[in-house]
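J.: next comes the sequence, and after it the predicted model I'd like to discuss.
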Amino acid sequence: MIENHHKNIATFIHLSTFARFIIPFGNFIGPLILWVANKDKSPFIDAHGKQIINFQISILLYSLIIGAITIPFFIFNFFNGIDFIDFHGFSDFHFNIRRPSPLLYFTGALGGLAIIAFILEIVFIIKASLKARDGELYKYPITINFLK
């Protein structure tokens, strides 16, 4: 039987990923510190710590891939349509809006995908913390197992 203390630690390991909203890379630092300090206390804590760290590394990898795809298209589209702002002093300033490039739609779709992925990440973290509170193991979807 899993002790309540171990359930609480596993829950806090998952919830510590929200530290990213306070400190940079808090989603890695918080779980890593809690997991390393407590992984020898229980296999339950060790399994949950590995899962959240694998999930955070996977999310970082997926974000870098989406960013690597999106940013070049955005820059290409921006410099292709750089003439949409005509600035000839403050008395003659106007926007020249024309039909946007299809690359802008593609970039917007990838940006929308990133927003949906962010929302799903929060949902998965909350679900995992509730499973840990109940003493169950949780396997994050779309996770690459770096730590086994």
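T.: Arrived safely, thanks for sending.

J.: drop to CA atoms for contacts and neighbour counts, all remaining ones
T.: Noted.

J.: residue 145 and residue 139: what is the separation?
T.: Distance of residue 145 to residue 139, given as C-alpha to C-alpha, to the nearest Å: 10 Å.

J.: quick check: neighbours shared by these two?
T.: Common neighbours of residue 145 and residue 139, using C-alpha atoms under 8 Å, 6 or more residues apart in numbering, are residue 51.

J.: got the buried residues for the host helix or strand of residue 104?
T.: In this structure, residue 104 sits in helix 102-133 according to DSSP states H and E. For helix 102-133, the neighbour count (16 or more other C-alpha atoms under 10 Å) marks 104, 107, 110, 114, 121, 124-125, 128-133 as buried.

J.: what packs against it?
T.: With contacts taken as 3 or more C-alpha pairs under 8 Å, 6 or more residues apart in numbering; DSSP states H and E, helix 102-133 sits against helix 4-15, helix 43-80.

J.: good, we can wrap up now.
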